[in-house]
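Colleague: Fold the following, please.
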Amino acid sequence: MFVTPPSEKPSKNFWKNSLFNPGSIVHVIHHIPEFRKWRRRLSGPAAATVTFAPTMGALHDGHASLVKSARNLARNGTVLSSIFVNPTQFGPSEDFSKYPRTLDADLQILADAGCDAVFVPSADEMYSGIRTLNSQALAQMTSIDPGPLSTVLEGAIRPGHFRGVCTVVAKLLNAVQPTHLLLGQKDFQQQAILRRMCIDLNMPVEVVTCPTVRDADGLAMSSRNRYLNPDERSRAVALYEGLTGAKRLYDAGERSAATLESEMRLRLEARHLQVQYAVAAHPETLALWVAQPDGRIAGPCVFLIAAKLGSTRLIDNMLL
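Modeller: A predicted model of the protein is given here:
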């Protein structure tokens, strides 16, 4: 693995080698002009398909799976990623300061998964002057309005979150200029909003959503799982139990949204989780099926759950 320190300018051979050894090394670039220069030098098959998997670091097997999917999609093309803990998507009482930073381990995971280059900017690189501004206030200056999909569920609980997400992803896409953007299904509302953003703003990128990767007991892999103590970790499986329990009822013919939502809540409460929401929604509009005139599911559906274990907040979903 080759790492470029922030103060070191890449040599001529560095740029050349990056085009002829896909997957064997990962190049780390910290500044937007350097990344654009690297991107412009791609040609032939390396430029034809450029896949991009943005991350906030603290990587696990779920992220590795995302990058491997990017590698399979790119074939002889180029696989790019980014590591940036984006301050503008964290609220005042959220865990920005304690969000895990594990850069060395993250870079090794990306290299092993077949990534070619990683953009690792500073906050000041992405948001000029951020040191003198409140992080979420900055997102209210020049920013992306995430639209009505951002006003419900996660958006209602975390005001301003999706404005920060859309703004930083738009900035990353502008710098990276990929042909494909790969996102994980675990953050279901996020991928739906980013997909809508790319369509509505005519961004020349295809959004690909990759399946959630789970531990053996079904818990969705998440960087926040490391916050759980052993007791909380054993109880966290309730999210998967709630989803699968509701799916069994659905597969047996149950279409009452209230009944299916009650099943999810009961499973969560049985393990003493604090339920924030457990709903059946349309996967594109996020409209709740329980709010329909007869309260019955009559089309595509996704189950969405958010719950807290102590101070740790977990989300999960299941697309039917």
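Colleague: residues contacting the residue nearest to L320 when sequence neighbours are not counted?
Modeller: Of all residues not flanking L320 in the chain, C301 sits nearest, at 4.6 Å (CB to CB, 6 or more residues apart in numbering). All C-beta atoms are positioned from the backbone trio N, CA, C, and that covers glycine. C301 sits next to Y250, A280, A281, H282, P283, W289, L319, L320 when contact means CB atoms under 8 Å, 6 or more residues apart in numbering.
Colleague: Which single one of the residues you listed is nearest to H63?
Modeller: H63 lies nearest to L319 out of the contacts of C301, by CB to CB, at 19.9 Å.
Colleague: wouldn't the closest one be in contact with L304 here?
Modeller: No: taking contacts as CB atoms under 8 Å, L319 lies outside contact range of L304: 9.8 Å.
Colleague: So between the two, which is more surrounded?
Modeller: A direct count of neighbours by other CB atoms under 10 Å for L319 and L304 places L304 higher, at 26 against 15.
Colleague: need the contact list for that one.
Modeller: L304 neighbours (CB under 8 Å, 6+ apart): L153, F188, Q189, Y277, A278, V279, A280, A281, I315, D316, N317.
Colleague: The residues you listed in strands, which ones?
Modeller: Y277, A278, V279, A280, A281, I315, D316, N317 (DSSP state E).
Colleague: burial of the last one, as a residue count?
Modeller: Just to be clear, that refers to N317. N317: 21 surrounding residues under other CB under 10 Å.
Colleague: how close does the closest residue to it other than its chain neighbours sit to V279?
Modeller: Computed as CB to CB, 6+ apart, the closest residue to N317 that is not its neighbour in sequence is F188, at 4.3 Å. Applying CB to CB, to the nearest Å, the value for F188 to V279 is 11 Å.
Colleague: more neighbours, these two?
Modeller: Set F188 next to V279 and count neighbours by other CB under 10 Å: F188 wins out with 25 against 22.
Colleague: What pLDDT is listed against the more buried one?
Modeller: F188 is assigned a predicted lDDT (pLDDT) of 98.
Colleague: The stretch 1-150 of the chain: helices as residue ranges?
Modeller: 12-20, 32-40, 45-48, 61-74, 103-113, 123-126, 135-138 (DSSP state H, counting those that start in this stretch).
Colleague: got those as CSV, with mean pLDDT and distance to R195 columns?
Modeller: Shown next, in CSV, are those (pLDDT from 0 to 100; distance: least, CB to CB, whole Å):
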stretch, mean pLDDT, distance to R195
helix 12-20, 34, 30
helix 32-40, 95, 23
helix 45-48, 96, 23
helix 61-74, 96, 15
helix 103-113, 95, 23
helix 123-126, 90, 22
helix 135-138, 63, 23
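Colleague: Can you tell me which of those is nearest to F96?
Modeller: Relative to F96, the nearest member of these by CB to CB is helix 135-138, separated by 7.2 Å.
Colleague: okay, the residue nearest to L320: pLDDT?
Modeller: 98.
Colleague: Past the helix or strand harbouring A170, which element shows up next along the chain?
Modeller: Secondary structure from DSSP states H and E places A170 in helix 161-176. Scanning forward in sequence from helix 161-176 by DSSP H and E, the next helix or strand is strand 180-184.
Colleague: mind listing what that next one pairs with, with the direction of each?
Modeller: If you go by DSSP bridges, strand 180-184 pairs up with strand 50-55 (parallel), strand 206-210 (parallel).
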